[in-house]
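Asks: All I have is the shape, not the residue letters:
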């Protein structure tokens with residue numbers, strides 16, 4: 001299986017595959033690349049709806065040039081990687097995680113904070129630690145955390161030094177799914193109000209009623225599935241018999 005950096009020709013094949021609606025795994029198989037490589041490449045460069053081979057190639061070259069100019073000296077305050085992790089691989093994965101969240105509609109800074117918190121072993125950081133890691137202003141962190149708190153994605157607590165710590169709980173995505181279900185339920189209620197205003201037998205009223213019925217089903221199904229699956233978030237994955245993860 002070939003390794004190393006993606007070539008411009010490979011990026012053109014990725015763009016064609018994405019345009020044809022192929023799954024990332026199928027594109028990876030055709031290029032004899034890991035699926036994670038294709039996923040990271042697409043999500044880092046605009047997502048499936050905006051990926052362009054030439055733009056992705058130029059953006060990658062710019063990032064490499066930037067990394068070369070920033071390579072030395074190493075930031076003495078940069079956190080050491082635990083468990084023998086590859087620092088560059090972790091950095092790239094954090095970027096991928098962030099881009100996926102952005103693609104789902106999360107604002108950029110909020111996605112960066114969420115990724116940073118989620119990928120720490122403790123699941124918590126102080127505002128100053130977030131500022132240091134993300135190289136942004138305290139005001140940007142404050143705004144991002146306020147938004148994430150409002151969505152139930154993070155919570156704050158005081159540590160022994162009476163500093164605010166921002167925490168992602170193990171069930172953060174359960175909370176996110178339940179918040180989504182509640183938001184959808186509000187749309188359902190609003191749609192049904194529109195039916196009363198526009199008339200149930202009019203084309204617009206019928207359209208809103210169908211929207212309400214569809215979203216009502218989605219909201220209830222989402223909440224039910226999240227409740228049923230919640231315990232998965234607190235269960236340690238089984239280790240394969242051969243000892244590999």
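Replies: Yep, that arrived. Here the structure is a predicted model, which means the values were calculated and not measured. Numbers count the residues shown, from 1 in each chain.
Asks: Check the burial of residue 178 by counting its neighbours.
Replies: Here the number of neighbours of residue 178 (other Cβ atoms under 10 Å) works out to 17. Any C-beta I mention is one placed from the backbone N, CA and C, and that applies to glycine too.
Asks: you'd agree it is up against residue 226?
Replies: Yes - using Cβ atoms under 8 Å, residue 178 is in contact with residue 226, at 5.8 Å.
Asks: Would you tell me what the next helix or strand after the helix-or-strand element of the chain with minimal mean pLDDT is?
Replies: Using mean pLDDT, DSSP states H and E, the weakest-scoring helix or strand in the chain turns out to be helix 53-70, at a mean of 73. Next along the chain after helix 53-70, taking DSSP states H and E as the criterion, comes helix 87-103.
Asks: ok, then the element right after that following helix?
Replies: By DSSP H and E, the next helix or strand past helix 87-103 is helix 108-118.
Asks: now the nearest residue to residue 156 once chain neighbours are set aside: how far from residue 124?
Replies: Of all residues beyond its chain neighbours, the one nearest residue 156 is residue 164 (5.0 Å), with distances taken as Cβ to Cβ, 6 or more residues apart in numbering. Per Cβ to Cβ, to the nearest Å, residue 164 is found 10 Å from residue 124.
Asks: What average pLDDT does stretch 154-165 get?
Replies: Across stretch 154-165, pLDDT averages out at 83.
Asks: circling back: can you list residues touching both of residue 164 and residue 124?
Replies: residue 157 (Cβ atoms under 8 Å, 6 or more residues apart in numbering).
Asks: how much space between the residue at the greatest distance from the centre of the chain and residue 213?
Replies: Residue farthest from the centre of the chain, counting by Cα atoms, centre = their mean, is residue 201 at 41.7 Å. When distance is defined by Cβ to Cβ, residue 201 is 16 Å away from residue 213.
Asks: which residues does the most centrally placed residue in the chain contact?
Replies: The C-alpha lying nearest the average C-alpha coordinate of the chain belongs to residue 101 (Cα atoms, centre = their mean; 2.6 Å). Contacts of residue 101 were listed using Cβ under 8 Å, 6+ apart, and they are 111, 114-115.
Asks: In the residues you listed, which residue is surrounded by the most others?
Replies: Neighbour counts for the contacts of residue 101 peak at residue 114, which has 25 neighbours (criterion: other Cβ under 10 Å).
Asks: Tell me where the chain has strands.
Replies: Using DSSP state E, the strands found in the chain span residues 124-126, 155-158, 164-167.
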